[in-house]
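K.L.:
Sharing a model that was predicted from the sequence below.
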Amino acid sequence: MSSSLNSGGEMTNAHLFQQVALLRWLVSQSEEDRRSLTAVTAVQVGRELLNRITGQDKVDAYKRECILGISQFLRENPRASQAVINAEVEKRVLIFAARVKAMEMSPIL
């Protein structure tokens, strides 16, 4: 499964909800809290499976990387001509597209 911590080292919302449900069940041992924990865990597992099958998390990360790379290029080259900027953008977009295409070739899980 993907990490339950975000980039800042904090729990994701999904992981936090699961931990709250677990804590409630551990304290109460009630059937209602067990069902809540089961539901929260099922949603989290379902979300993770969907992300792995679709690869959407990776696509989003590749997209962010592409955009940040273009932004960095523009900051570092404020006097670049439109042709140079277009070439850099095209290069970065082609890399993004190739990475997404490569995902199609990799195993699902």
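P.N.:
Perfect, thanks for sending it. Residues are numbered from 1 along each chain as shown.
K.L.:
shaky segments in this structure?
P.N.:
1-8, 107-109 (pLDDT under 70).
K.L.:
Assign the residue sitting nearest the centre point of the chain to helix, strand or coil.
P.N.:
Residue closest to the mean C-alpha point of the chain, counted by CA atoms, centre = their mean, is D57 at 3.4 Å. Secondary structure, DSSP: H, G, I helix; E, B strand; the rest coil: D57 is helix.
K.L.:
Spatially nearest residue to it (excluding sequence neighbours)?
P.N.:
N51 (4.8 Å; CB to CB, 6 or more residues apart in numbering). The C-beta positions use only the backbone N, C-alpha and C, and glycine is treated the same way.
K.L.:
Looks to me like that neighbour is in a helix.
P.N.:
Yes: counting by three-state DSSP, N51 is found in a helix.
K.L.:
From E31, how far out is it?
P.N.:
31 Å (CB to CB, to the nearest Å).
K.L.:
what do you get for R75?
P.N.:
On the measure of CB to CB, R75 and E31 end up 57 Å apart.
K.L.:
who has more neighbours, N51 and E31?
P.N.:
N51 (16 against 9; other CB atoms under 10 Å).
K.L.:
Flag every buried residue along the helix or strand harbouring A102.
P.N.:
For A102, the element it lies in under DSSP states H and E is helix 82-105. For helix 82-105, a neighbour-count test (16 or more other CB atoms under 10 Å) marks E88, R92, F96, R99 as buried.
K.L.:
next one: stretch 61-74
P.N.:
Across stretch 61-74, burial judged by 16+ other CB under 10 Å covers Y62, C66, G69, I70, F73.
K.L.:
Which member of these is positioned nearest H15?
P.N.:
Using CB to CB, Y62 comes nearest to H15 of the buried residues of stretch 61-74, at 23.5 Å.
K.L.:
I'd assumed K101 was in contact with that closest one.
P.N.:
No: counting by CB atoms under 8 Å, K101 is not a contact partner of Y62; they are 10.7 Å apart.
K.L.:
now the angle from the helix or strand hosting I70 to helix 82-105?
P.N.:
When elements are assigned from DSSP H and E, I70 belongs to helix 56-76. Angle of helix 56-76 versus helix 82-105, following axes from the mean of the first three to the mean of the last three CA atoms, to 10 degrees, is 160 degrees.
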